[in-house]
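[1] fold the following and give me the result.
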Amino acid sequence: MKSKKLSELIIKNFKTSGFVLSEPDVLLDSDYIIERSGEKFRSSMLTFDREDGKTMCLRPDLTVASCISFLQKKTSSKIYYSGQAYRRSSGKGVNFINDQLGIEILGSKNFIKDDFKVISTILNSAKKIKMKKIKIKVGDISLFKSLINSLEMPERWKLRLIRHFWRPSYFEELLKRLEKNTDIDSVTFDSDKKRFNEMKKLDQEKVIAGRSISEILKRFDKKIKDPRSFTDGKEIVKIIKSFLKINCKLSELDKKLFDFIKKNNLKKNIFKNFKSILNLEKLDQDIEFIANFGRDVEYYTGIVFEVFSGKKEIARGGRYDDLLKSLGAKKNIPAVGAAINLKNI
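    Sure, this is the predicted structure:
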């Protein structure tokens, strides 16, 4: 009963903030999700086969389900949902049903305003239900991408580091290889080149693991044309690790980034697009910035955050501007959202 009343208070706040109810489908085409989003959800999906042979799954993620609904049903671009996500877990005693209340802003290009709107709405909801000792942790995946793209290293390494940033263990392996200037072997390179020529003959609009054939070919082309010699890996890794150690109060971030740029002799404007993070100071809230944060979800592209009450995580979210294209949109569609974890309130 208490949980129901708290949910009602949160939903009332969502409505007051201008969000409209969306009810994404519970059953989804599992092949569609895997084809569009890669292998991200395969191991955690709860699947079954229909009589016609199609493999279906219970929605593993309400953000993904909401995005599919937005594309298929042309729902409102400012939505809230109340429902359950279903994921298999290897942890003992972990419930595979996650009750969530969430909000999404889809299609709006006012990034700074929308990021602030989502976080402030979640924060206000927490206050409405009398949550105490509220703290916010934030990161920004786009800052990492800006840093990598500004560094003097082969394009193939930039693509690898950005693509695998969300996989911390493998990312660390890549840093070790980069530090030792250990590139791919000639057999792998020849295999890439052969596959590149084969894919030229395929339908360029066909989607594989969330990317069209034409997009994949562009990446291959950069790999093939990129010079193979590179000897500055050790210094590059040092800069990357230094950035990922940045951990400070939000009010100190501007100075921290300035000092980081100056110390490493980098271009002054590489972090010019981080106004969305600094705008959060208007919340007048205890906010901690962590550069090495928000890497456990592949589809985040910009600001990422978690809201805590004491030591309990009560909500998380972020910006994911590439996700809708991977789910079938013709181009990237700006999107930001967050979900409240009901079991922790």
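[2] beta-bridge partners for residue 319, please?
    For residue 319, the beta-bridge partners are residue 336 (DSSP bridges).
[3] what's near enough to touch it?
    111, 115, 141-142, 276, 300-304, 334-336 (CB atoms under 8 Å, 6 or more residues apart in numbering). (Each C-beta comes from the backbone N, C-alpha and C, glycine too.)
[4] can you flag the buried ones in the residues you listed?
    Neighbour counting over the contacts of residue 319 (16 or more other CB atoms under 10 Å) leaves 111, 115, 141-142, 276, 300-304, 334-336 as the buried ones.
[5] and the contacts of residue 319, which two are furthest apart?
    304 and 334 (15.3 Å; CB to CB).
[6] tell me the one of the contacts of residue 319 nearest residue 70?
    residue 335 (8.6 Å).
[7] still on that earlier bit, export the buried ones among the contacts of residue 319 as TSV, with columns for pLDDT and distance to residue 15.
    Below are the buried ones among the contacts of residue 319 laid out as TSV (pLDDT from 0 to 100; distance: CB to CB, whole Å):
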residue	pLDDT	distance to residue 15
111	93	24
115	96	21
141	93	30
142	92	31
276	89	25
300	90	26
301	91	28
302	92	26
303	94	24
304	95	26
334	94	23
335	95	20
336	96	19
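[8] okay, and which of those map to strands?
    Residues of those located in strands (DSSP state E): 303, 304, 335, 336.
[9] out of those residues, which comes closest to residue 250?
    Closest to residue 250, out of all of these and judged by CB to CB, is residue 303, at 11.7 Å.
[10] alpha carbons only: can I get stretch 64-83 in PDB?
    The C-alpha atoms that make up stretch 64-83 are tabulated as PDB, following Å, rounded to 0.1, in the frame of the first residue of the first chain:
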ATOM      1  CA  VAL A  64      14.300   0.600 -25.300                       C
ATOM      2  CA  ALA A  65      10.600  -0.400 -25.300                       C
ATOM      3  CA  SER A  66       9.500   3.200 -25.100                       C
ATOM      4  CA  CYS A  67      11.700   4.100 -28.000                       C
ATOM      5  CA  ILE A  68      10.300   1.300 -30.100                       C
ATOM      6  CA  SER A  69       6.800   2.500 -29.200                       C
ATOM      7  CA  PHE A  70       7.700   6.100 -30.100                       C
ATOM      8  CA  LEU A  71       8.900   5.000 -33.600                       C
ATOM      9  CA  GLN A  72       6.100   2.700 -34.300                       C
ATOM     10  CA  LYS A  73       3.100   4.500 -32.800                       C
ATOM     11  CA  LYS A  74       4.300   8.100 -33.000                       C
ATOM     12  CA  THR A  75       3.600   8.700 -29.300                       C
ATOM     13  CA  SER A  76       4.100  12.000 -27.500                       C
ATOM     14  CA  SER A  77       7.800  13.100 -27.400                       C
ATOM     15  CA  LYS A  78       7.600  13.900 -23.600                       C
ATOM     16  CA  ILE A  79       6.400  10.700 -21.900                       C
ATOM     17  CA  TYR A  80       6.300   8.800 -18.600                       C
ATOM     18  CA  TYR A  81       5.800   5.100 -18.000                       C
ATOM     19  CA  SER A  82       5.000   2.900 -15.100                       C
ATOM     20  CA  GLY A  83       5.700  -0.800 -15.500                       C
END
